[in-house]
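Asks: After the sequence you'll find the predicted model.
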Amino acid sequence: MTDSATKENMQFQTEVNQLLHLMIHSLYSNKEIFLRELISNGSDACDKLRFEAIGNDSLYENDGDLRVEVEFDSTAGTITVRDNGIGMSRDEVVNNIGTIAKSGTKEFLSKLTGDQQKDSHLIGQFGVGFYSSFIVADKVTLTTRRAGTAASEAVRWESDAQSGYSLEQVEKATRGTEIVLHLKEDEKLLADGWRLRNIIRQYSDHIPLPVMMHKQEEGKQAEEWETVNKANALWTRSKSDVKDEEYQEFYKHVSHDWEDALAWSHNRVEGKYEYTSLLYLPSKAPFDLFDRDTNHGLKLYVQRVFIMEDKENKLLPRYLRFVRGVLDSADLPLNVSREILQGNKIIESMKSGSVKKILGLLENMSANEPEKYQSFWKEFGKVLKEGPGEDFGNREEIAKLLRFSSTLDDNAEQKVSLPDYIARMKEGQDKIFYITADTHTAAKNSPHLEVFRKKGIEVLLLSDRVDEWLVQHLMEFDGKSLQSVAKGDLDLSKLETEEDKKEQEKVEAEAKNMVEHIKKALTDKVEDVKVSHRLTSSPSCIILGEHDMALYMQNLLKQAGHEMPTTKPLLEINPTHPLLKRMEAETDDDRFAEWASVLLDQAILAEGGQLEDPAGFVHRLNGLMLAMA
């Protein structure tokens, strides 16, 4: 019985309306996925019930035969998908009815191009879930009751995807969720037993619980039910018995992605601990990859019974949060809790083994399928760069997989590996040189690179936000230390000729008075002033301490409200530059001080820093330009 007093009519947000309209039209050519998505959701709901019922058997409500049922009515033009899983409360319906209503919608819309084919791939990254129903239906009615609640606490959600949706409290005798799709006029042919069975066997054969339909007898539906799919856990089967197509469909079930996986690793481990792992690398990054509150990771099973999703990185470290799949332990107890998982030796063994399998899969791909690996890197490279700081034991293996751009190529694409770099090092070079900057353009145009370009020494160009974190934890690779060309003392003596050294000594001697003069003018602003061996065409540059954070990162943290220690930079000058020659001829001390301040401010700006007094810089620069006119 419906209590009309509890019925509410609600409107979709503008962004949701836009996305819903686009999704329905862009995915039309792949419309059969609606059934896969609904069956997958039903299977997940049954998994969750099974887990919660471990500690509370009454949730089964005298019905422990978990299943998903599919019915159709060709006369009415409807398809019904129901499960007897955990069900949802009113709040859960509002919050979890579909991925479309969750965070990321605005970001998604900002990436749309207007090209339907390209946008449909973006939709695949975002996930379609429950709302894929509207590809074939012009109205959807969902009725659900959470296990353990009264029959009167059921909720009905209904929408035509045009005028918002309604919510009302209803009666429902059984737990779980029932979804009725009222098919569009030109989709009513889907309400056919043979066609629905084919779709289930194509997309949902791997679901590890029964997907049931009424038997067909003489063209009619009988009262008796039958299982349509294989209804066994795919990961328990031998690798030789599983087709690639089955692996791909299971990936889409476990990840709720509708694009194919890039690669996978299926292993049965026997020894001190026994478990099975099926680990997938997605082909596209989800929009919430960098959202720390998002559900990422693997699903844990114990003897094929679902236990939990890895929300807290107990099964894999955070830098591998893009991996999807399942771990099924034969040794953990069925009533295992999240607290027991903390520090558990079995879990640690599974975690360690899974990390090695994933890194091995990536290493094999990088060696044998470089183009495929490059597509992986474009999607997940920034996340993998978190690895050396999180996983000390596998630091060297992770470092082999990292990719960077470098001064050998103006292209911003990150293709250079650390082994590649070492193989090209100059004779006498014992360091891996790099520079960090806010953008690739800023990195490749940095004045710190001038001497390296002159000598033909390759420098890695690091412009991802995570790179500053990376180099703080990856201080060496294959016995070669990593050295920033913009921090600390620069020693290229092993790569210089005796003539180079004599020329530098001569320049330093001739510029001694100039250095002292600039140092006096900037006494409160700099730690020191030195003649630079890095610069060939720029007048000056800022040098940070070896362990200091890059100026652009300091600015970002300040803007985020973090307190940053105040440090004075070291200023290096190029005495052979015409600007320094002009300063050397300046006899007015006040005017010289103005030149020195401009020299320092220019160097700070070139480094990506922020001036304390931008207006003062402009005023000084204008004054000097007018004086020269």
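Replies: Sure thing, it's come through.
Asks: my hunch is that Ala45 is in a helix, does that hold up?
Replies: Yes. Under DSSP: H, G, I helix; E, B strand; the rest coil, Ala45 falls within a helix.
Asks: That one - how many residues pack around it?
Replies: 23 (other C-beta atoms under 10 Å). Where C-beta positions appear, they are placed from N, C-alpha and C, glycine not excepted.
Asks: for the one 4 residues further on, same thing?
Replies: With neighbours defined by other C-beta under 10 Å, the count for Leu49 comes to 25.
Asks: Distance check, it against Glu178.
Replies: Here Leu49 is placed at a distance of 15 Å from Glu178 (C-beta to C-beta, to the nearest Å).
Asks: Equivalent analysis for Lys501, please.
Replies: For Lys501 relative to Glu178 (C-beta to C-beta), the value is 83 Å.
Asks: Neighbour count: the two, which is higher?
Replies: Glu178 (22 against 12).
Asks: Does the more buried one touch Thr143 like I think?
Replies: Yes. The pair Glu178 / Thr143 is scored as a contact, 4.9 Å apart, by C-beta atoms under 8 Å.
Asks: For Thr157, pull up the helix or strand it's in.
Replies: For residue 157 the amino acid is Trp, not Thr. strand 154-159 (DSSP states H and E).
Asks: Would you mind writing the CA trace of that strand as PDB?
Replies: Provided in PDB are the C-alpha atoms of strand 154-159 (Å, rounded to 0.1, in the frame of the first residue of the first chain):
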ATOM      1  CA  ALA A 154      10.200   0.000   1.300                       C
ATOM      2  CA  VAL A 155      10.900   2.900  -1.100                       C
ATOM      3  CA  ARG A 156       9.800   3.400  -4.700                       C
ATOM      4  CA  TRP A 157      11.800   5.600  -7.100                       C
ATOM      5  CA  GLU A 158      10.400   6.500 -10.500                       C
ATOM      6  CA  SER A 159      11.600   8.600 -13.400                       C
END
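Asks: so what strands line up beside the very next helix or strand once past it?
Replies: Heading C-terminal from strand 154-159, the first helix or strand you meet, by DSSP H and E, is strand 165-170. When pairing is defined by DSSP bridges, strand 165-170 lines up against strand 8-10 (antiparallel), strand 154-159 (antiparallel).
Asks: Looking at the ones you listed, which is nearest to Glu396?
Replies: strand 154-159 (52.0 Å; C-beta to C-beta).
Asks: Can you measure across stretch 206-217, start residue to end residue?
Replies: 26 Å (C-alpha to C-alpha, to the nearest Å).
Asks: Can you show me the CA trace of the longest helix seen in the chain as CSV?
Replies: Scanning the chain for the longest helix, with DSSP state H as the assignment, gives helix 345-368. Provided in CSV are the C-alpha atoms of helix 345-368 (Å, rounded to 0.1, in the frame of the first residue of the first chain):
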residue,chain,number,x,y,z
LYS,A,345,50.0,-12.2,7.8
ILE,A,346,47.8,-13.8,5.3
ILE,A,347,46.6,-10.4,4.0
GLU,A,348,50.2,-9.1,3.9
SER,A,349,51.3,-12.2,1.9
MET,A,350,48.4,-11.7,-0.6
LYS,A,351,49.2,-8.0,-0.8
SER,A,352,52.9,-8.5,-1.4
GLY,A,353,52.3,-11.2,-4.0
SER,A,354,49.7,-9.1,-5.8
VAL,A,355,52.0,-6.1,-6.0
LYS,A,356,54.7,-8.3,-7.6
LYS,A,357,52.3,-9.7,-10.1
ILE,A,358,51.1,-6.3,-11.2
LEU,A,359,54.6,-4.8,-11.4
GLY,A,360,55.7,-7.9,-13.4
LEU,A,361,52.7,-7.5,-15.7
LEU,A,362,53.7,-3.9,-16.3
GLU,A,363,57.4,-4.7,-16.8
ASN,A,364,56.5,-7.4,-19.4
MET,A,365,54.2,-4.9,-21.2
SER,A,366,56.8,-2.2,-21.2
ALA,A,367,59.4,-4.6,-22.7
ASN,A,368,57.3,-6.4,-25.2
